[in-house]
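Q: here is a sequence with its predicted model. Questions after.
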Amino acid sequence: MILAAAFSPEELVQDLDSNVYDVREKAMLELDRMGEPALPVLRTACSSESVEVRERAVRLVHTISVRILLEDPENQELKRYLGGRK
């Protein structure tokens, strides 16, 4: 089992290229939970030679970035536009 405190973002990004589906999925979940602190490593991974790492990193950067935008109280208009709560 992957524990967020036990692995760095760099190690989890390496797990995105695992041959084992469950390892890739757990790495995705942990990187998503890390949120903003994982973004620099994920942005670098967006240009990985591995298609699997690249696609998962792009998805995570998008997901985390949107969450950050929606959590910002300055973006209430964007939140309303996207159907979020006031």
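A: That came through, no problem.

Q: C-alpha from now on. contacts and neighbour counts both.
A: Will do.

Q: ramachandran coordinates for the nearest residue to Ile64 once chain neighbours are set aside?
A: In this structure, Ile64 finds its nearest non-sequential neighbour in Gly35, 5.7 Å apart by Cα to Cα, 6 or more residues apart in numbering. Phi and psi for Gly35, reported as degrees, to the nearest 10, are phi 70, psi -140.

Q: now the strands for this protein?
A: Remark: no strands are assigned in the chain by DSSP state E.

Q: tell me the centre residue of it?
A: Nearest to the geometric centre of the chain sits Leu60, at 3.0 Å (Cα atoms, centre = their mean).

Q: pLDDT value on that one, please?
A: On pLDDT, Leu60 comes in at 98.

Q: which residues touch it?
A: Contact analysis of Leu60 by Cα atoms under 8 Å, 6 or more residues apart in numbering lists 28, 31-32, 42.

Q: looking at these, which one is closest to Leu16?
A: Among the contacts of Leu60, Met28 lies closest to Leu16 (Cα to Cα), at 7.0 Å.

Q: skipping adjacent residues, who's closest to that closest one in space?
A: The nearest residue in space to Met28 (Cα to Cα, 6+ apart) is Leu16, at 7.0 Å.

Q: how close does that neighbour get to Asn75?
A: Distance of Leu16 to Asn75, given as Cα to Cα, to the nearest Å: 32 Å.

Q: higher neighbour count, the two?
A: Each of Leu16 and Asn75 has its neighbours counted (other Cα atoms under 10 Å); Leu16 has more, 26 against 14.

Q: Leu31 is in contact with the more buried one, correct?
A: No. Taking contacts as Cα atoms under 8 Å, Leu16 lies outside contact range of Leu31: 9.9 Å.
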